[in-house]
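Trainee: Predicted model and sequence below, questions to follow.
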Amino acid sequence: MMKVTLRNLCKYFQQIKAVDGLNLEIAAGEFLALLGPSGCGKTTTLLTIAGFYKPDQGEIYFDEQLVNDLPPRLRNIGMVFQSYALYPHMNVLDNIAFPLKLQKVPKSEWKARAIEIAKLLEIADLLDRKPGQLSGGQQQRVALARALVRNPKLLLLDEPLSNLDAKLRIFMRAELKRLQKELGITTIFVTHDQIEAMTMADRIVVLREGRLQQVGTPDELYDSPANVFVASFIGTPPMNLLDAEIEVGKGDYRVKTSHFSFSLPKEIVAKIKYIPSHGVVLGIRPEDLIIGEGNIRGLVYVVEPLGRDELVTLEAGDMRLKALVPSRLRIGLNDKIEFSFSVERVHLFDKETGKSLYKEA
Amino acid sequence: MTKKTGAAFPYVLLVLVAAPFITMYVGFFLRAFGEGPQLGIFPERFGLSNFSFLWEPITWGLAETTIWVALANTILFASVSGAVVTVVCMLAGYAVSRIEFKGKNTFLVLQLFLHAVPGQILLIAIFFLLYYLHLLHKIPGIALARASLEIPLGVWMTKGFFDAIPWDVERAAMIDGCTRLQVWYKIFLPLVKPGVAAVFIWGFLFAWHDFIYVYTLLPGTAKLMSTLIQSLLATEVIDYGYLAAMSLLYMLPPLTLFVLLQRALLKVPIFGGKGI
Ligand SMILES: Nc1ncnc2c1ncn2[C@@H]1O[C@H](COP(=O)(O)OP(=O)(O)OP(=O)(O)O)[C@@H](O)[C@H]1O
Ligand SMILES: [Mg+2]
């Protein structure tokens, strides 16, 4: 098991700052997800850690060793690419055993180890096939087997699940998580799918335009997003974000939107660092909305059944809000309803900087 | 009826255009296998006497050689040339496809420019170059010079093959422990195998057909097929049947190579699909 430390890591492509001042410590044995929208620098970060790109600034440490100048082949890393990148001219066995053969491991040994890892990943019956004769899911497992066969100290996964169909993806999510814990290999997992990150990772790093937005456990990111970007990126359906203002009275903080207002409970007031003069963004998670009771009036704009739940879009004044409610409410289009929300669970952000107004936990 | 004649018209036209060439080829074959006086392109009778060079020495003026020596020389010349073109282009093509270095684009443009320069212009310079390198009058030395004419375009060709291989495959190999050279011969060469064959054959054929380099840079006593046929043409009495038979033999190896490998040559490596 190996610890990985990134210090002020920067990688630029001409004007584009693909990775911009990344500071990160990845604990030994940790499963870390790099999460962010397309083009935010996830792959670049991974390729820089793997040694394909030289950082323009900053350092990469494996345990205490500075590895900036170590070529990829000496880094003892396993990597699964988004395209899997199997060697088309070799059969599955040779693909898996390739890293061992390069190390001049004797044939009896590489064969045994390749078969062992193939069994672990349930692809032992495919060993004679060429990559072109495999399904996407099988290719993905071969790629994983090849990455794991030489017991790497660090495993890098670049969107390994994105080429799979929805069902297989959910299945592999669990398999991968289990495998990672069993083998205990420090793993960095790149994804743009927040559900994948939430379900699999010990900690999530949210990136945007090459800059780190927040690091934390899935719960931390969900419960206390550090800024508007993280708040809108984590959670499905995403958080409702409304323009608002805070009015300070005697011992009373009132949040006013264009359509409704409410007093902040004491617990929240205690968390607030400061009150910006230029307005705030109020965040309410869809599941914190309560429909059918309360003093805010609205209209049902659309109802999307999700099986167990229903996603209701409400129109209230000039705002639209999404609410996640139990299916049995049976609400119809254009119904007039009253609603409220759990005030103790709201989020507040600085409208100008987008940063959370809450003190860090 | 009119419809039918209308449809036949292009064929008639094509046959008319092709007729002189077809006649020439047919005449060429008939000559090679004909004996006795000719009636137009038709010989009096057929036989193998024109192929006497296969078992008799060949003479011109006071010199003499055998067909087997000339053939061996030609094969040596073409093979060395083809091999040099292949090795140099495969290495250079990889470099310009995958490695960033200063002046890469200038280098590539220069290659195109070099390709545009006719080989004959370089003859004198190459003569002196080979002379100082002690390679003049030696078949492998001349083959080296001949190869250099094909390398500029070959680099572009092989670059194209390597460009088609996804970066991730190369990165995977490097993660798995390959050095750059190992990536090249363990992953890239096998993936562009048909390309390797194509480049070799291409280098081989151009050298096989070469006349001017062989003629100017080799001593008159060392004959390759092309120069041998030329010296027979230069004698006072020209035996056309004999020449046709020898030319047929000269044509045979490249033709065979082409027929044997044409399917492989058409199989240009294609990537895509399920992440390969
Ligand atoms: N080789 C390159 N040359 C120039 N720009 C690049 C290169 N690779 C990436 N970029 C740019 O750097 C930024 C980050 O790219 P990167 O591939 O890391 O994004 P990503 O987060 O992996 O996106 P995706 O989810 O689409 O894979 C993008 O703006 C991209 O255009
Ligand atoms: Mg990417």
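Mentor: Perfect, thanks for sending it. Ligands and ions are numbered 1, 2, ... in the order given.
Trainee: what about stretch A:125-137, start to end distance?
Mentor: Its first and final residues considered, stretch A:125-137 spans 14 Å by C-alpha to C-alpha, to the nearest Å.
Trainee: Just the buried positions in that stretch, please.
Mentor: A:126-127, A:129-131, A:134, A:137 (16 or more other C-beta atoms under 10 Å in any protein chain shown). Heads up, the C-betas are built off the backbone N, CA and C, glycines and all.
Trainee: Ok, stretch A:172-189 next?
Mentor: Those buried within stretch A:172-189 under the rule 16+ other C-beta under 10 Å are A:172-173, A:176-177, A:179-180, A:185-189.
Trainee: Quick check: mean pLDDT of stretch A:345-355?
Mentor: Per-residue pLDDT over stretch A:345-355 has a mean of 94.
Trainee: so how far is that stretch off the chain centroid?
Mentor: Offset of stretch A:345-355 from its chain centre (C-alpha atoms, centre = their mean, to the nearest Å): 21 Å.
Trainee: Okay, the closest residue in space to residue A:308 that isn't next to it in sequence and ligand 1: tell me how far apart.
Mentor: Nearest residue to residue A:308 in three dimensions, chain neighbours excluded: residue A:327, at 6.5 Å (C-beta to C-beta, 6 or more residues apart in numbering or on different chains). Distance of residue A:327 to ligand 1, computed by C-beta to the nearest ligand atom, to the nearest Å: 34 Å.
Trainee: Can you tell me the SS state at residue B:75?
Mentor: Assigned with DSSP: H, G, I helix; E, B strand; the rest coil, residue B:75 falls in the helix class.
Trainee: That one is in contact with residue B:252, isn't it?
Mentor: No: contact status for residue B:75 versus residue B:252: not in contact, 11.9 Å apart, counting by C-beta atoms under 8 Å.
Trainee: what about the two, which has more around it?
Mentor: residue B:75 (15 against 10; other C-beta atoms under 10 Å in any protein chain shown).
Trainee: confidence score at that one?
Mentor: On pLDDT, residue B:75 comes in at 94.
Trainee: ok, now how distant is it from residue B:145?
Mentor: 18 Å (C-beta to C-beta, to the nearest Å).
Trainee: again with residue B:11
Mentor: In terms of C-beta to C-beta, residue B:11 sits 46 Å off from residue B:145.
Trainee: Please apply the same query to residue B:133.
Mentor: 10 Å.
Trainee: Quick check: phi and psi on the spatially closest residue to residue A:123 that is not a sequence neighbour?
Mentor: What sits nearest to residue A:123 in space, not counting adjacent residues and going by C-beta to C-beta, 6+ apart, is residue A:141, at 4.9 Å. Reported as degrees, to the nearest 10, the phi and psi values for residue A:141 are phi -70, psi -40.
Trainee: got it, and residue A:139?
Mentor: The phi/psi pair for residue A:139 (degrees, to the nearest 10) is phi -60, psi -40.
Trainee: How about residue A:120?
Mentor: Dihedral angles for residue A:120 - degrees, to the nearest 10 - are phi -60, psi -40.
Trainee: Which strand residues bridge residue A:227?
Mentor: As for beta bridges, residue A:227 partners with residue A:355 under DSSP bridges.
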